[in-house]
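Peer 1: Fold the following, please.
(one chain, ligands or ions: 1)
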Amino acid sequence: MKKKSIFTLVLASVLLTVLLAACGGGNTSGAQSESSASKAEASASAEASASTSTEASTATTASGDVQVGIVLPTKDEPRWLQDQAQFEKLLGDAGFTSQVLFSQGSSATEKTNVETLVSQGAQVIVICAQDGGAAAAAVEDAKKAGTTVIAYDRLITDTDAVDYYVTFNSFAVGEAQGQYLIDNAPSGSGIPLYLYAGAATDNNAFIFFEGAWSVLQPKIADGTFVIANSSEAEALKDKAELSRDEIGKIIGQVTTDWDFNVAKSKAEAHLTANGADMKGDVVILAPNDGTARSIADVFATDSDVSSYIVTGQDAEKASVQYVIDGKQSMTVFKDTRTLAADSVAMALDVLNGKTPSTDTTYDNGKIEVPAKETPIIVVEKDNVSKELIDSGYYEASEFTGLN
Ligand code: BGC
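Peer 2: Residues are numbered from 1 along each chain as shown. Purely as a prediction, here's the structure:
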């Protein structure tokens, strides 16, 4: 416990540096931190493909005593490797004893991961749930053991066992994707709109869709866009605000399950089912980068599709290259430096007996969870350098064709 005051000083300086970099300072520290993130992404990627291990551990003490435990959903998507790299850097630099565990798409593994961290003495668990509903049982056990639970990026639903939520503004993500399609669509009306969504087990998938629908719906209702692949969305096209159940019905038809293979086969099936009238110049709401690349590849090979505009999110390196190459139209940059730094700052407050500062609340179906929200940035070809290179998130040498 005595170590806390030293941690406070060291971590405060680390956080200040990271937050300054995240706020656009673009200083050397930010560059170093992100260059290590990039490298960590590459090496963790290699590790993920070389091994079926469900866990990656960092910075444990010899005794195995853990102060802060991190649980992330999967190593199979670059997005979460970016977050892992940030946590390892921040927690390691601060001298915290910590461990990062991956659930590899399994709620059972996730529950075991939480139990493991609790048994190792974790006072704070930061968890990005594989399945927001299923994770409730795991965090309820952690709460009973006296652990503070911080939901990370994805909200854990229908439980009072979540103390805090650290998130990007997910409504703004969907809104930005929808608005991008509107702003960049060819002129005229009757433009085919293909809708895709995230996994129904992820609360964010609902919020992203809700945000996108808020701007797309008027353009569907007035005939600018014609829905090409969802009878449920078509049936609801005159409704500006959808209930969760209604969004659930649409997601049921157009979910990618956050899986590139599912995205690919759905896109293939949709193009096979549609005639030339639903092709030509099309716009595509793709929920994130991994699914966007799969869907874009499918649309690019259909000779009846003359052009497509496709959204994404996460600024994954492969998608940034797609954006530079004109194969993906945009991505939404969610700066994992800020999200991880906010979580670590919260954990530090908790360890110091302070109440973390929050700026909003999220209703998880049971309680209003105090939350800290981070803004998002739209990235297209023209601002890749400014937002991702100048800010130190990636290095220019990681891409080809960048001006
Ligand atoms: C995250 C996205 C991510 C998706 C798939 C969502 O909850 O907010 O950034 O692409 O999950 O992992």
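Peer 1: of all the residues in this protein, which ones are close to the ligand?
Peer 2: For the chain, the contact set with the ligand under CB under 6 Å from any ligand atom comprises 77, 79, 153-154, 198, 202, 204, 258, 288, 313-314, 334. Bear in mind the C-beta positions are built from the backbone N, C-alpha and C, glycine included.
Peer 1: Show me what counts as buried in stretch 236-247.
Peer 2: Taking 16 or more other CB atoms under 10 Å as the basis for neighbour counts, the residues of stretch 236-247 that come out buried are 236-237, 242, 246-247.
Peer 1: quick check, nearest of the residues you listed to the ligand?
Peer 2: Of all the buried residues of stretch 236-247, Ile247 has the smallest distance to the ligand: 15.0 Å, by CB to the nearest ligand atom.
Peer 1: Quick one: end-to-end distance for stretch 230-244.
Peer 2: Stretch 230-244 has an end-to-end distance of 17 Å (criterion: CA to CA, to the nearest Å).
Peer 1: what separates that stretch from the chain centre, distance-wise?
Peer 2: Average the C-alpha atoms of stretch 230-244, do the same for its chain, and the two points are 25 Å apart (CA atoms, centre = their mean, to the nearest Å).
Peer 1: Ok, stretch 196-204 next?
Peer 2: Chain-centre distance of stretch 196-204: 11 Å, with CA atoms, centre = their mean.
Peer 1: Stretch 334-349 too?
Peer 2: Centroid separation between stretch 334-349 and its chain, computed with CA atoms, centre = their mean, is 14 Å.
Peer 1: and that stretch, C-alpha only, in PDB?
Peer 2: Extracted C-alpha coordinates of stretch 334-349, given in PDB (Å, rounded to 0.1, in the frame of the first residue of the first chain):
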ATOM      1  CA  LYS A 334     -11.000   5.800 -31.800                       C
ATOM      2  CA  ASP A 335      -7.800   6.800 -30.100                       C
ATOM      3  CA  THR A 336      -7.000   3.800 -27.800                       C
ATOM      4  CA  ARG A 337      -4.400   5.900 -26.000                       C
ATOM      5  CA  THR A 338      -7.100   8.000 -24.500                       C
ATOM      6  CA  LEU A 339      -9.400   5.200 -23.500                       C
ATOM      7  CA  ALA A 340      -6.700   3.200 -21.900                       C
ATOM      8  CA  ALA A 341      -5.300   6.300 -20.100                       C
ATOM      9  CA  ASP A 342      -8.800   7.100 -18.800                       C
ATOM     10  CA  SER A 343      -9.200   3.600 -17.500                       C
ATOM     11  CA  VAL A 344      -5.800   3.600 -15.800                       C
ATOM     12  CA  ALA A 345      -6.500   7.000 -14.200                       C
ATOM     13  CA  MET A 346      -9.800   5.600 -12.900                       C
ATOM     14  CA  ALA A 347      -8.100   2.500 -11.500                       C
ATOM     15  CA  LEU A 348      -5.500   4.800  -9.800                       C
ATOM     16  CA  ASP A 349      -8.300   6.800  -8.200                       C
END
